[in-house]
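>>> make a model of this:
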Amino acid sequence: MPSSMPAPSIRIPIELLTQSSFSQFGTVIENPAHSEAPPSQRLPPPASVSANQGTALKYIDVTHMVNLYSLAPSKKPARAVMNIFVCSPRELRPHEPSESMPSSWGDIDLDDDEDNGERQLFDVKILERHPFTTQTFIPIGLSQTYDSTQYLVIVAPTLPASASRHKINRPPPFPTPGPRKRRSIRDIFARARPSPFTNEAAPPPSTYSRLHPSQRPKGPGLPDLKNVRAFIASGSQAVTYGAGTWHAPMVVLGERSIDFVVVQFANGVEIEDCQEVELVPERGADEGIAVSIEMDYRGGVRVKAGPGPVKAKL
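Numbers count the residues shown, from 1 in each chain. Coordinates of the predicted model:
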């Protein structure tokens, strides 16, 4: 059983999945020419070159696989693995009016009566993370125009380790680094000498400082449940979770299953490959964290938060 932590009563509105809105948590992989992002959220496209004897356009370096298992306590090396997840549509519960407010979008009324769309709720009961590896989900066999089946990407920032310990009164479920050995004055000055094998007086930057912030180690903290976010993705989008990013297991919405090719590193040590936290509603609360889902007459999910027109249809 996973460790557990109390969850506040919060309803989360749905945002459109774009690289700009998701950059804190990882990477969105899509053809820039087909992006649904509003102009204010479009980033410069990746570098591209002609390929396949001029019949293809190759976008370069669209995501980064990161292997941080050198930081794992076991020091057991990892290898790149590729699996297929066949994800069935999730069961939703009927929408009920609630006084709970969305985490980051307190000015949005999720119970308004302007539209006649079907409203339902998805309860977020578990969050997981892969502390030493990125994880890329690539949907296959799902057309961009098939909007009656989509998937949710639910993520949360990471709390500082001190705040995590206070919340559950025990160490967080993450291997914490050992105490740093205090260096002597002699060691400090010895390291400050220029290397005889290079002209550089300063040491090169660490591997991790060169990574995008979303790909760097997140630390041992628990998820920040007051800032959970939910994004809706189409069949033309893949997503890479940054190493250590808290996220819900994949949530498929609609009529059919989605097959995902999942690429990550793994070393076979269970606690180092995947860590889970069960979310239990706070004492006296009727519900915990729930994503508010509103469908239009075609079965597509309406966007309720973020830049651009509210309730824009996918």
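
>>> so where is the stretch 151-300 of the chain shaky, pLDDT-wise?
Residues of the stretch 151-300 of the chain meeting the criterion pLDDT under 70: 162-213, 215.

>>> what ranges do the strands span in it?
229-233, 238-241, 246-247, 251-254, 258-266, 275-281, 289-295 (DSSP state E, counting those that start in this stretch).

>>> the ones you listed: which one's closest to Lys304?
Of all those, strand 289-295 sits nearest to Lys304, with 6.7 Å by C-beta to C-beta. Every C-beta, even on glycine, is put in place using the N, C-alpha and C of the backbone.

>>> quick one: list the elements packing against that closest one.
With contacts taken as 3 or more C-beta pairs under 8 Å, 6 or more residues apart in numbering; DSSP states H and E, strand 289-295 sits against strand 10-12, strand 14-16, strand 118-123.

>>> could you give the angle of that strand to strand 118-123?
160 degrees (axes from the mean of the first three to the mean of the last three C-alpha atoms, to 10 degrees).

>>> quick one: buried residues of strand 289-295?
Across strand 289-295, burial judged by 16 or more other C-beta atoms under 10 Å covers Ile289, Ala290, Val291, Ser292, Ile293, Glu294, Met295.

>>> now swap in stretch 7-22 and tell me
7-19, 21-22.

>>> pLDDT on it, on average?
Over the span of stretch 7-22, the pLDDT mean works out to 92.

>>> using CSV, write down the CA coordinates of it.
The C-alpha coordinates for stretch 7-22 follow below in CSV (Å, rounded to 0.1, in the frame of the first residue of the first chain):
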residue,chain,number,x,y,z
ALA,A,7,-6.2,15.9,0.9
PRO,A,8,-8.1,19.2,1.0
SER,A,9,-11.5,19.5,-0.6
ILE,A,10,-10.7,21.1,-3.9
ARG,A,11,-12.2,21.0,-7.4
ILE,A,12,-9.8,21.5,-10.3
PRO,A,13,-10.8,23.1,-13.6
ILE,A,14,-9.4,21.8,-16.9
GLU,A,15,-6.7,23.7,-18.9
LEU,A,16,-5.5,23.2,-22.4
LEU,A,17,-2.3,21.3,-22.6
THR,A,18,0.4,23.6,-24.2
GLN,A,19,4.2,23.7,-23.8
SER,A,20,3.9,27.1,-22.1
SER,A,21,1.4,26.1,-19.5
PHE,A,22,3.1,22.7,-18.8
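
>>> start at 817, not 1
Let's use 817 as the start, then, which means that last one is stretch 823-838.

>>> biggest separation within the buried residues of stretch 823-838, which pair?
Checking the buried residues of stretch 823-838 with C-beta to C-beta, the most distant pair is Ser825 and Gln835, at 31.2 Å.

>>> follow-up on the earlier one: including distance to Gly842, could the buried residues of strand 1105-1111 go into JSON lines?
As requested, the buried residues of strand 1105-1111 are exported to JSON lines (distance: C-beta to C-beta, whole Å):
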{"residue": "Ile1105", "distance to Gly842": "20"}
{"residue": "Ala1106", "distance to Gly842": "23"}
{"residue": "Val1107", "distance to Gly842": "18"}
{"residue": "Ser1108", "distance to Gly842": "23"}
{"residue": "Ile1109", "distance to Gly842": "22"}
{"residue": "Glu1110", "distance to Gly842": "25"}
{"residue": "Met1111", "distance to Gly842": "26"}
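
>>> of those, closest to Leu975?
Ile1105 (14.8 Å).

>>> list phi and psi for the closest residue to that closest one other than its chain neighbours.
Among residues not flanking Ile1105 along the chain, Val940 sits closest, at 4.4 Å (C-beta to C-beta, 6 or more residues apart in numbering). Val940 adopts backbone torsions of phi -90, psi 110, taken as degrees, to the nearest 10.

>>> I figured Val940 hits Leu1095, correct?
Yes - using C-beta atoms under 8 Å, Val940 is in contact with Leu1095, at 6.1 Å.

>>> so what sits against both of those two?
Counting by C-beta atoms under 8 Å, 6 or more residues apart in numbering, the shared contacts of Val940 and Leu1095 are Ala823, Gly1104, Ile1105.

>>> from Ala977, how far off is the last one?
Counting by C-beta to C-beta, to the nearest Å, the gap between Ile1105 and Ala977 amounts to 22 Å.

>>> pop out the phi and psi values for Ser886.
Per degrees, to the nearest 10, the backbone of Ser886 is at phi -70, psi -20.

>>> show me where the stretch 817-966 of the chain has its helices.
Along the stretch 817-966 of the chain, the stretches classed as helices by DSSP state H, counting those that start in this stretch are 835-838.
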